[in-house]
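Participant: Quick one: sequence plus predicted model below, questions after.
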Amino acid sequence: MRTAEERELVNITDRVRFAVWASGIRDGRVLVSSPRITAAVYVNDEESGLLSNLAAWAERLAPRGDYAHPQTGETNGDPHLKNLLRGHPVVLPVTSGDLDLGPWEQVVYGEFDGCRPKRVIVKVVGDAA
């Protein structure tokens, strides 16, 4: 993953769905995780008003500002806190070879310290056809 913006939410549902289809499993689960402490993976609606609300909520709870973390030379104290607000990994059910999501659920990658290459790990586990 490399986002164009420093703070960005990216819908990765289709990428996760493709990994499930490519795995050939019929029933099981999929783990989706970003091994970075300034990014998150979560499941929610992708409606624009909600995305705006989520960004404002995270900024209120963990605003950009003066944190002790910069004492180590970093300037990204708030992205670490935003990761904790949104979550790190998600585990999703797979039924009949597809993600078993609710009608509005989407898998979202949240980037809070972007413009650097990062990874999203997708692990599919289950029973093949």
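Facilitator: Right, received. Where do you want to start? Numbering: from 1, shown residues only.

Participant: And the strands in this structure?
Facilitator: Ranges of strands in the chain, per DSSP state E, are 8-11, 25-33, 39-44, 90-95, 98-99, 106-111, 121-128.

Participant: other SSEs contacting the longest one?
Facilitator: So the one you mean is strand 25-33. Judged by 3 or more C-beta pairs under 8 Å, 6 or more residues apart in numbering; DSSP states H and E, strand 25-33 is in contact with helix 13-23, strand 90-95, strand 121-128. C-beta coordinates here come from the backbone N, C-alpha and C atoms, glycine included.

Participant: one step back: which of the strands of the chain sits closest to Asn83?
Facilitator: strand 39-44 (5.0 Å; C-beta to C-beta).

Participant: Check which helices and strands the helix or strand of the chain with the lowest mean pLDDT sits against.
Facilitator: Lowest on mean pLDDT, DSSP states H and E among the helices and strands of the chain sits helix 77-86, with a mean of 72. The contact analysis (3+ C-beta pairs under 8 Å, 6+ apart) places helix 77-86 against strand 39-44, helix 48-61, strand 106-111.

Participant: between these, which gets nearest to Phe18?
Facilitator: Nearest of these (C-beta to C-beta): strand 106-111, 11.6 Å.

Participant: Turn the helices and strands packed on strand 25-33 into a markdown table, including mean neighbour count.
Facilitator: Putting the helices and strands packed on strand 25-33 into a markdown table (neighbours: other C-beta atoms under 10 Å) gives the following:
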| stretch | mean neighbour count |
| --- | --- |
| helix 13-23 | 16 |
| strand 90-95 | 16 |
| strand 121-128 | 14 |
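
Participant: In TSV: the ones you listed, plus distance to Gln106 and mean pLDDT.
Facilitator: TSV is the format used below for the helices and strands packed on strand 25-33 (distance: least, C-beta to C-beta, whole Å; pLDDT from 0 to 100):
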stretch	distance to Gln106	mean pLDDT
helix 13-23	5	97
strand 90-95	11	97
strand 121-128	15	94
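
Participant: Right, I'll call it a day here.
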